[in-house]
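> below are the sequence and a predicted model; questions follow.
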Amino acid sequence: MIQVSSLTKIFSSGTKALDELDLNVKDGEIFALLGPNGAGKTTTIRILSTLSGFDSGQVIVAGHDVDRNPEKVREAIGVVAQQTGIDYFLTGRENLVLQGHMYRMKKTDIQARVKELAHYFELEDSLDRLVATYSGGMRRKLDIATALIHRPTLVFLDEPTLGLDIKSRKNLWTYVEKMNRELGLTILLTTHYLEEADKLAQRVAIINAGKIRITGTPDELKNTIHGDAVVLSFEQQDHATAAFAYTMKSEPEIKDTLWQGNKLHLYVANGAESIPKIALVASQQGLTIKSLALSRPTLDDVFLKYTGSSLTEAKEDTGDEWWKQWAGKGGGNWNKKWANDAEESTGEAETTVQETQQHMTTTNDSEKDEGAQPPATPTTDTPAKSGGGSPWSPAEMEAWWKQQGGQPQWPTEGGGATPPPEKKD
Amino acid sequence: MLADTWYLFGKYMRITIRMPWWSLFTLLQPLIWLVIFGQLFKNMSQLPGFPTGSYVDFFVPGVLIMTVLFGSSWSGVSLLREITAGAVDKMLVAPVSRVAIVLSRVLHSAVQVLVQTLIILAVALGLGAATSVNPVYIAMAMLIIFLLGVGFAALSNGFAILLQREEPLVMIGNLMTLPLMFFSTALMPKNFMPDWIHYVALVNPINYAVEAVRAVLVGTPDFALYSKGLLVLAIFAAATLAWAVNAFNSLRD
C-alpha cells in the first residue's frame, strides 16, 4: 500500500527532517509510526498525503507516485490530521456533506454515506448540532468520519488520540480496530503513546531523527531486547538512588539501566538470578526498595533502546539534563563526558536537579492516568563489557567503589566518603 | 472547479449567516464616517468649484467604497485561522481544485461587502442623500463594488499566505486602505487636490472605483468615466486574484 524508499526532506531552515527514510506498509494492516515529537512523524504523513514536497527519494502511495500523480493518491486516501480541521460553526452533517462534495461524490451517494458513517460512529443524535457543541471525543470521531466519506482504502491517523481523556481514547481504539477489521482499511497511524502502538498496530516502526530505527511486530521488537527487565521502585529519587543506579550501570551483568519516574529499570540476561544480588547491593547502600518486579521487556524498553541513543533530538525530555547534572558533580568517565556541565556553578546545577525531579514526578503521575508514556529518562550508555556475565560479590563491589575515587559515593560503615551534596530547597 | 467553488462558497456564506452580528459590526465604522464626515465637511460644498450641491451627495460613493475596503481587507485573517486550524490541509488532501479554495473565499468576501454597501446606501438615502435610486445605476455601481471587493480580498489572502502571520497582515491591511482612501476623490473633489496627489490617484484603483460609482449614482450619469473605471477594476480584480491563487499554489512546503 505504501512504498517509501530513501525519502529525504530538508526544511528551508536547513534541518534534515527526514533522512533516507524507508517504509513499507502492506495492504490491510495497521501500521504505527512511533517516535518522540520532532522525530519526523508528521512530516512523513504530510509527504505521503501529498501536502508536502520532498527533496529526494521515491514515494508510492496506493499504487501511485505522490509526486507525479497526486490527484490519484488523494482519491485513495483519507487523512485525519492532528488539528481536526472540521468547521465548528457547521453541524456534523454539514461537515460530512461538504467533505463529500470536495470528493465530487453524487448527492444521493453522499446522503447514504453520511447515514452510514453517522451510524458507524454513533453520531446520529448529534448530527444536526453545531460541532462547537461537541466533546473532544465526538469531534475526533466526526473528523475520522469525514476522512472516510469517499471510501478510501488507506487512512492516515496523525496522533489520533492526542489530548483525549482515557475513556475517549479507549473508545477510539475500538473504532480504529473495527475500521481495519470490518472495512478492510489499511491504517497508518503515528503516535507517541507506546501503549497505543502496542495495542493497535500489527507492525510498528520506531522513528527518530528522521530515520526508521527498526520495524517489526510489537513482539519482534520486544525480542530485540535480550533478557529481562527488573524494575525497582523507590520512595523517591535522590542522590542515594542515583548513586545506586550508577553502581548498577557499571556492572557487566547489567546491560542497561534507565529511570522512569521513581522506577529504575535494569536489563539483565537472567532476571531471576540477578534479583538477589541487586537487592543485596541496595540494602548495603541503605536503600529501601518499595517494590521489585521482573518482567519481559515492553515496547517502552524497545523505544528507549532505539531512540535513547540520540538524546539530543529528544529535547522534550529533560531527563538527560538530570543525568548530566549528577555526572557533573562526580568525576571519572562522567566528568570527561560532560566536561561542560562540570564547569557550571554548583548552585545552578542543584536547582536544575530539583526542577528535573519535579518534572519526573509529574511524568510519573500522568503515566498512571494515561498509560504508557515516552520515557522521562533516557538510557545511559552501556559501559564496555569485558567478558561480562560473571556474578559479583559484595566485596568485589566495595572494592570497585573505592577504586572509583571521585565517583559518586555514599555513606558506608566506616567508609567516611562524602555523599553527593544534598539538594537545597 | 466551479462546483468546488460553489460548495466552499456555500460553506462560508452559511457560517456568515450564522453570525450576522459580526457582519453588522463591520458596518458600524462606515456608518460613523458617513455621519461624522457628512457633518464635518458640510460647509465645504459652499466653496467655489465644488461639484455637487451638498457634501453628503458627494461623499456617499466614498463611504460605499470605504465599506468595501473595511469589509474585504481582512479576508486573509480568517484564511490564516483556517490554516492554523487544519481546515486548509483538510481541503488540500482532497482532490479539490486549488483555485476554488481561494476563489470561494474571495467571492464570499465580495458578496458580503455587496450586502453591506447596499445597507449603507439605504441609510444614506434615509439621511437625505440625493443619489440615484435607479436600480440599473445601483446595479452598475454594485458591479464596481464587487470587483473592488474581489481585488482587496484577493490582496488580503495573498498577503496572508506570504506573511503567514496576523500582525503584519493587519498592518498591511491598514496600509492598503486608509492612505489609498485619501489618495482618491472619496473625500475631496479632484480640483481641490494638490497636483502630486492627483498623480498618485491615477494609479490608485480605489480612485477609479470612487469615480465610477459617483459617475452613475451622483448627478448626470457619465458612462465614459464609468467604463474607464470598470475596465481598470476588472483588470485589478483579475490580476490580484491570479496573484493570490499563485501564492496559494506555492504554499506547499
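Okay, I see it. Numbering: from 1, shown residues only, chains lettered A, B, ... in the order given.

> now do the helices in the stretch 151-253 of chain B.
B:166-182, B:195-202, B:205-217, B:223-249 (DSSP state H, counting those that start in this stretch).

> those helices: which one's closest to residue A:78?
helix B:223-249 (23.0 Å; C-beta to C-beta). The C-beta positions use only the backbone N, C-alpha and C, and glycine is treated the same way.

> out of the helices of the stretch 151-253 of chain B, which is closest to chain A?
Between chain A and those, the tightest spacing by C-beta to the nearest C-beta is seen for helix B:223-249, at 12.1 Å.

> the closest residue to residue A:41 other than its chain neighbours and residue A:239, how far apart?
In this structure, residue A:41 finds its nearest non-sequential neighbour in residue A:190, 3.9 Å apart by C-beta to C-beta, 6 or more residues apart in numbering or on different chains. Note on residue A:190: its distance to residue A:239, by C-beta to C-beta, to the nearest Å, is 38 Å.

> where does whichever residue of chain A sits closest to chain B sit: helix, strand or coil?
Closest to chain B within chain A is residue A:83: 3.0 Å, counting by C-beta to the nearest C-beta. Following DSSP: H, G, I helix; E, B strand; the rest coil, we place residue A:83 in the coil state.

> ok, it - contacts?
B:84, B:85, B:86, B:89 (C-beta atoms under 8 Å, 6 or more residues apart in numbering or on different chains).

> type out the ChimeraX command that picks the buried ones from the residues you listed.
Of the contacts of residue A:83, the buried ones can be selected in ChimeraX as follows, counting by 16 or more other C-beta atoms under 10 Å in any protein chain shown:
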select /B:85,86,89
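
> which of residue A:190 and residue A:239 has more neighbours?
Between residue A:190 and residue A:239, counting by other C-beta atoms under 10 Å in any protein chain shown, residue A:190 is the more crowded of the two (26 against 18).

> partner strands of the helix or strand encompassing that one and their direction?
Counting by DSSP states H and E, the element that carries residue A:190 is strand A:186-191. Applying DSSP bridges, strand A:186-191 is found paired with strand A:30-34 (parallel), strand A:154-158 (parallel).

> now residue B:62. Nearest residue, chain neighbours left out?
Closest to residue B:62 by C-beta to C-beta, 6+ apart is residue B:186, at 3.2 Å.

> residue A:92 is nearest to which of the helices of the stretch 151-253 of chain B?
helix B:223-249 (28.0 Å).

> which SS state does the spatially most central residue of chain B fall under?
Taking C-alpha atoms, centre = their mean, the centroid of chain B lies closest to residue B:68, which sits 2.8 Å from it. Classification of residue B:68 using three-state DSSP returns helix.

> then residue A:9?
Classified using three-state DSSP, residue A:9 is strand.

> what's the distance between it and residue A:43?
Residue A:9 is 6 Å from residue A:43, by C-beta to C-beta.

> between the two, which contacts overlap?
A:17, A:18, A:52, A:210.

> what about the second one, neighbour count?
Other residues lying near residue A:18 total 28 when counted by other C-beta under 10 Å.

> wait, a helix at it?
No - counting by three-state DSSP, residue A:18 falls outside a helix, being strand.

> give the contact list for it.
Residues in contact with residue A:18 (C-beta under 8 Å, 6+ apart) are A:7, A:8, A:9, A:40, A:43, A:44, A:47, A:54, A:210, A:211.

> can you do 7 Å?
A:7, A:8, A:9, A:40, A:43, A:44, A:210 (C-beta atoms under 7 Å, 6 or more residues apart in numbering or on different chains).

> residues in a beta bridge with it, which ones?
Bridge pairing for residue A:18 - DSSP bridges - gives residue A:9.

> near chain A, which residues of chain B show up?
With C-beta under 7 Å from any C-beta of the partner chain as the criterion, chain B comes near chain A at residues B:7, B:11, B:14-15, B:18, B:85-87, B:89-96, B:252-253.

> from those residues, which would you call buried?
Buried, going by 16+ other C-beta under 10 Å: B:7, B:11, B:15, B:85-87, B:89-96, out of the residues of chain B next to chain A.

> secondary structure, pLDDT and distance to residue B:151 added to those residues, as JSON lines?
Output for those, formatted as JSON lines (DSSP: H, G, I helix; E, B strand; the rest coil; pLDDT from 0 to 100; distance: C-beta to C-beta, whole Å):
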{"residue": "B:7", "secondary structure": "helix", "pLDDT": "88", "distance to residue B:151": "24"}
{"residue": "B:11", "secondary structure": "helix", "pLDDT": "88", "distance to residue B:151": "23"}
{"residue": "B:15", "secondary structure": "helix", "pLDDT": "86", "distance to residue B:151": "23"}
{"residue": "B:85", "secondary structure": "helix", "pLDDT": "86", "distance to residue B:151": "26"}
{"residue": "B:86", "secondary structure": "coil", "pLDDT": "86", "distance to residue B:151": "29"}
{"residue": "B:87", "secondary structure": "helix", "pLDDT": "89", "distance to residue B:151": "24"}
{"residue": "B:89", "secondary structure": "helix", "pLDDT": "88", "distance to residue B:151": "27"}
{"residue": "B:90", "secondary structure": "helix", "pLDDT": "89", "distance to residue B:151": "28"}
{"residue": "B:91", "secondary structure": "helix", "pLDDT": "89", "distance to residue B:151": "23"}
{"residue": "B:92", "secondary structure": "helix", "pLDDT": "89", "distance to residue B:151": "25"}
{"residue": "B:93", "secondary structure": "coil", "pLDDT": "90", "distance to residue B:151": "30"}
{"residue": "B:94", "secondary structure": "coil", "pLDDT": "90", "distance to residue B:151": "28"}
{"residue": "B:95", "secondary structure": "coil", "pLDDT": "89", "distance to residue B:151": "29"}
{"residue": "B:96", "secondary structure": "coil", "pLDDT": "89", "distance to residue B:151": "24"}
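
> next, give me the two most distant ones among those.
The span of those, defined through C-beta to C-beta, is set by B:15 and B:95 at 23.3 Å.

> what residue in chain B comes nearest to chain A?
Closest point on chain B to chain A, by C-beta to the nearest C-beta, is residue B:86, at 3.0 Å.

> out of everything not next to it in sequence, what's closest to that residue?
That would be residue A:83: by C-beta to C-beta, 6+ apart, it lies 3.0 Å from residue B:86.

> what about residue A:251, which helix or strand?
Short version, using DSSP H and E: residue A:251 is in no helix or strand.

> that one and residue A:95: what is the separation?
Separation of residue A:251 from residue A:95 (C-beta to C-beta): 59 Å.

> and the contacts of the strand holding residue A:190?
Outside strand A:186-191, the residues that reach it (C-beta under 7 Å, 6+ apart) are A:1-2, A:25, A:27-34, A:41-42, A:45, A:153-160, A:176, A:179-180, A:197, A:200.
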